[in-house]
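**Student:** Return atomic coordinates for the entry below.
(one chain, ligands or ions: 1)
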Amino acid sequence: MGMINKMDVAATQSAFREDLLSGKTAIVTGASRGIGAAIASRLCEAGANVVLCSRSAESVGQIADTLRSKGYTTLSMAADISQKADVEGLIEKTIEQFSQIDILVNNAGITRDTLLMRLKDEDWDAVLQTNLTGTMYCTRGVLRPMIRQKSGRIINISSVVGLIGNAGQANYAAAKAGIIGLTKATAKEVGARGITVNAIAPGFITTDMTAQIPEKNQEQLLELIPLRVFGSPEDVAAGVCFLASDAARYITGQVLQVDGGMVM
Ligand SMILES: NC(=O)c1ccc[n+]([C@@H]2O[C@H](COP(=O)([O-])OP(=O)(O)OC[C@H]3O[C@@H](n4cnc5c(N)ncnc54)[C@H](OP(=O)(O)O)[C@@H]3O)[C@@H](O)[C@H]2O)c1
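**Tutor:** The predicted structure is shown next:
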């Protein structure tokens, strides 16, 4: 009696996933590909209504359409998080459509890598404006609705580079370290309002962002990872889903590393 076969396990998991976040509304920035697309998909599977944004209406629309064709509730729009007016529009439209914002995932990010000696002001400004200031615009923008609801989850995608630095990424490392400071300060400001704010620091995740790294360097990188494999966007999405769920209700101001043990 009671032998659980694979089908039962699959059914249990899918039932668990479907109601984990049912009735919740989530915004995912940078959801047109890579980690953001995987996060949007995972939150949909968990039952949330998901608002996807990126700078390109077409590419983010395609991801949203695919999710909608699977029966999930999505809304997509072009919004450049480095532009305050775009962020205000994103939040307004979400409230208009779903009346609430329960989860914000600040995932959108860019790189402009070069050694600091050669770094142009515009490459410093662009990375800081998108990765850090954009994250601040979105975070500040959702606080009012979340405070009104007396609940909310904010999850910021930082990087292990924000913890340990990386040659050739002074701008990116500064922005990602800044996100960790922003996460902790905001967690302290809004904890009493029922809002948690956490960061995820992914290690090396296989996406468009990391595809440019030459194969030889990728092999060297693997040597630094105790689990000896690169992560997938789904590995990061699983961490986001956990932090967005009730299971993480007593966790705030933390940085969850999803890095195969690369940094410890
Ligand atoms: N891949 C890794 O190994 C790794 C490791 C650590 C941390 N991360 C972080 O994880 C996040 C996602 O990385 P990824 O590898 O999935 O990158 P990716 O494949 O380059 O995707 C970046 C996403 O952000 C969007 N985006 C860029 N600038 C934007 C802006 N100003 N406003 C709105 N959306 C914008 C892009 O869409 P559009 O081009 O259409 O705007 C795209 O959807 C980033 O914050 C990155 O720093 C990645």
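**Student:** Quick one: name the residues of the stretch 1-150 of the chain near the ligand.
**Tutor:** Neighbours of the ligand within the stretch 1-150 of the chain, by CB under 6 Å from any ligand atom: 29-36, 53-56, 59, 80-82, 107-110, 130, 134. All C-beta spots, glycine's among them, are computed from the backbone N, C-alpha and C.
**Student:** how about the residue of the stretch 51-200 of the chain found nearest the ligand, what does it touch?
**Tutor:** The nearest approach of the stretch 51-200 of the chain to the ligand comes at Gly109, 2.4 Å away (CB to the nearest ligand atom). Gly109 makes contact with Gly30, Thr130, Asn131, Ile157, Ala175, Met209, according to CB atoms under 8 Å, 6 or more residues apart in numbering.
**Student:** ok, the closest residue in space to the fourth one that isn't next to it in sequence to Thr135 distance?
**Tutor:** Going back to what we said before, that points to Ile157. Spatially, and ignoring its direct neighbours in sequence, Ile157 is nearest to Asn107 (4.5 Å; CB to CB, 6 or more residues apart in numbering). Separation of Asn107 from Thr135 (CB to CB, to the nearest Å): 9 Å.
**Student:** Over to Gly71?
**Tutor:** Counting by CB to CB - Gly71 and Thr135 are separated by 31 Å.
**Student:** quick revisit: just the ones of the residues of the stretch 1-150 of the chain next to the ligand in helices?
**Tutor:** Gly34, Ile35, Gly36, Ser59, Gly134 (DSSP state H).
**Student:** out of those residues, who's nearest Glu234?
**Tutor:** Minimum distance to Glu234 across these is 9.1 Å, recorded for Ile35 (CB to CB).
**Student:** so which strand or helix has the nearest residue to Glu88 once chain neighbours are set aside?
**Tutor:** Among residues not flanking Glu88 along the chain, Gly141 sits closest, at 6.5 Å (CB to CB, 6+ apart). Take DSSP states H and E as the rule and Gly141 turns out to sit in helix 134-149.
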